[in-house]
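Undergrad: Model the following, please.
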Amino acid sequence: MSQRIHEGPVTDPAAALTAVAEAMSRFGVAADERPGFLATVAQAVRDHHPGDRLTLTVGDSRLRATVGGGGGDRTATAPIAADGGHGDDTALLDLIIEQHEALGWHRQELEQTNQGVLALHAALAETTERLRDA
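TA: Below is the predicted model of the structure:
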């Protein structure tokens, strides 16, 4: 049996996604499931039609988010942790920190690559100029 825990119009995407995030925390969606679930719901909210509604239900050990109302509904589901999700907040924070560190590393690599490309471009321009003068 499913229990409806939220229903409202999709007029404010930030409020809709906040409701989803609160439900994930409240019902213990596993930390590694949260980003994908939220991304799926965010895409459905972004693509919604005027008059669509966000409905959140919980039941059968799953959290379900449905965006729609006039046909063509989009639904995402995520499993609920057996322990009610206690301790998942730490795992989620660890995941966020890990992703932030990886993003920083990628930014640094991209910056170094950009500097190398600029140096190569300058060297090629200088060589081309010397060949023209010769």
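Undergrad: can you count the residues close to E33?
TA: 17 (other CB atoms under 10 Å). Every C-beta, even on glycine, is put in place using the N, C-alpha and C of the backbone.
Undergrad: for E129, that is, sorry about that
TA: By other CB under 10 Å, the burial measure for E129, its neighbour count, is 10.
Undergrad: and it, what are its phi and psi?
TA: According to degrees, to the nearest 10, the main-chain angles of E129 amount to phi -60, psi -40.
Undergrad: wait, G28 sits on A81?
TA: Yes - judged on CB atoms under 8 Å, G28 makes contact with A81 at a distance of 4.0 Å.
Undergrad: Looking only at neighbour counts, state which of the two leads.
TA: Ranked by neighbour count (other CB under 10 Å), G28 and A81 place G28 first, with 20 against 17.
Undergrad: In the chain, which residue is most central in space?
TA: A39 (3.9 Å; CA atoms, centre = their mean).
Undergrad: And that residue, how far from H6?
TA: Separation of A39 from H6 (CB to CB, to the nearest Å): 19 Å.
Undergrad: could you give me the average pLDDT of stretch 2-10?
TA: Averaged across stretch 2-10, pLDDT comes to 88.
Undergrad: go on, stretch 22-38?
TA: Computed over stretch 22-38, the mean pLDDT rounds to 88.
Undergrad: Next, T11: secondary structure please.
TA: Assigned with DSSP: H, G, I helix; E, B strand; the rest coil, T11 falls in the coil class.
Undergrad: I am finished for the moment; much appreciated.
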